[in-house]
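> Turn this into a structure:
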Amino acid sequence: MGVLENRVAVITGGTAGIGRAIAQAFLDQGALVVIGSRSAESGEKALAELGAGDRARFVATDVTRRADIDNLIDEAQSWKGHLDITVLNAGGVGKSSHIAKMDDDEWQLELDLNLTHTFRGIRRSLHHMLPQGSGRILCMSSVEGKRGRPGIGGYAANKAAISTLARSVAQEVGTDGITVNSLCPGLVMTGLVADRAGAGQGLSGVDEVVEMYSRDAAIRRPVLLEEVAATAVFLVSDAASGITGQAISVDGGTSHH
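Take a look at the predicted model:
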């Protein structure tokens, strides 16, 4: 039996990149997984590739809309009558820009994709987890939430806020059987990184991004999807019941705290 046997997990942004890798790792450990993403086409493709049959479901979800987030989490809970794990993974850089050039719409997009989506996901998950007296909530932050870089100030500010939000909620529900942590990956070579690599940092493409982040990392390479997913499995397992309110780095030694 896997360490997540028969636990119901919901993952926003679960059809690609880190979210998809976490979904696969959870399934490998026996979980029942509900993934959310905007595209029904990508959702069906992800389900087919995960090959989990009736142990995985997809719910079309735009995380910038409160009703969609509530619906995704409610669907996961109603599937088996309990919600054990929530991973709020969706988000990312909206439009890379120096703050002096960033307009209000771009700033609001960053908030909606990252911090507001996380707040709403936590709130709805607690609606189900508090009455049952158990649960694991994992929020996706970033190494940039610990240090920041020019050109991605909106993203970095949101990721820092996500870790602080998780820490605050952990204090509120620490005696209710619920842990709340944030995960802070370093550079992970997802499709999104390949598409937008270095756009706001004055870098010419993927190779320069890899070189810059690898130079900063103790391991001198990007972090693997599987390494992030393995840490996620641990943090939502029984083995991590004493870990809450933490911002856990999986960045190859890039950050110093």
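
> What segments of the stretch 101-250 of the chain are helices?
Taking DSSP state H, counting those that start in this stretch, the helices of the stretch 101-250 of the chain run over residues 104-111, 117-132, 144-147, 153-173, 191-196, 206-216, 225-235.

> pLDDT (mean, whole number) over the last one?
Along helix 225-235, the predicted confidence averages to a pLDDT of 97.

> Residues in contact with that helix: which ones?
Contacting residues not belonging to helix 225-235 are listed as 3-4, 17-18, 21-22, 24-26, 29, 87, 136, 138, 179, 181, 183, 185, 188, 190, 240, 243, 248, 250 [CB atoms under 8 Å, 6 or more residues apart in numbering]. The way it works is simple: take the backbone N, C-alpha and C, and place the C-beta from them, glycine included.

> Compare the helices of the stretch 101-250 of the chain and report which one is nearest to Glu44.
Checking those against Glu44 by CB to CB gives helix 191-196 as the closest, at 17.5 Å.

> Residue nearest the middle of the protein, spatially speaking?
Centroid-nearest residue in the chain: Asn89, 2.1 Å away (criterion: CA atoms, centre = their mean).

> Please list all residues in contact with that one.
Ile11, Thr12, Gly13, Gly14, Ile18, Gly19, Ile22, Met140.

> one step back: for Val63, which of the helices of the stretch 101-250 of the chain is the nearest?
Nearest of the helices of the stretch 101-250 of the chain (CB to CB): helix 117-132, 4.1 Å.

> Distance from the chain centre to the closest one, please.
Counting by CA atoms, centre = their mean, to the nearest Å, helix 117-132 is centred 15 Å from the centre of its parent chain.

> Who are the packing partners of that helix?
Counting contacts by 3 or more CB pairs under 8 Å, 6 or more residues apart in numbering; DSSP states H and E, helix 117-132 packs against strand 8-12, helix 66-80, strand 85-88, strand 135-140, helix 153-173, strand 178-185.

> Can you tell me what sits against it?
10, 12, 63-64, 66, 69-70, 73-74, 77, 82-83, 86, 88, 90-91, 135, 137, 139-140, 162, 165-166, 169, 173, 176, 178, 180.

> Can I get stretch 108-119 as PDB, trimmed to CA atoms?
C-alpha atoms of stretch 108-119 as PDB (Å, rounded to 0.1, in the frame of the first residue of the first chain):
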ATOM      1  CA  GLN A 108      -4.300  42.300 -10.700                       C
ATOM      2  CA  LEU A 109      -3.600  39.300 -13.000                       C
ATOM      3  CA  GLU A 110      -0.700  38.300 -10.800                       C
ATOM      4  CA  LEU A 111      -2.800  38.600  -7.700                       C
ATOM      5  CA  ASP A 112      -5.700  36.600  -9.200                       C
ATOM      6  CA  LEU A 113      -3.400  33.800 -10.500                       C
ATOM      7  CA  ASN A 114      -1.400  33.400  -7.400                       C
ATOM      8  CA  LEU A 115      -2.400  34.800  -4.000                       C
ATOM      9  CA  THR A 116      -6.200  35.200  -4.500                       C
ATOM     10  CA  HIS A 117      -6.500  31.700  -5.900                       C
ATOM     11  CA  THR A 118      -4.500  30.300  -3.000                       C
ATOM     12  CA  PHE A 119      -6.600  32.200  -0.400                       C
END
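
> could you give the mean pLDDT of that stretch?
95.

> Next, the buried residues of that stretch.
Buried residues in stretch 108-119, counting neighbours by 16 or more other CB atoms under 10 Å, are found at Leu109, Glu110, Leu111, Asp112, Leu113, Asn114, Leu115, Thr116, His117, Thr118, Phe119.

> swap in stretch 169-181?
Those would be Val169, Ala170, Val173, Ile178, Thr179, Val180, Asn181, for stretch 169-181 by 16+ other CB under 10 Å.

> Please pull out the lowest mean pLDDT helix or strand from this structure.
Least confident helix or strand, the chain: helix 191-196 with a mean of 57, by mean pLDDT, DSSP states H and E.
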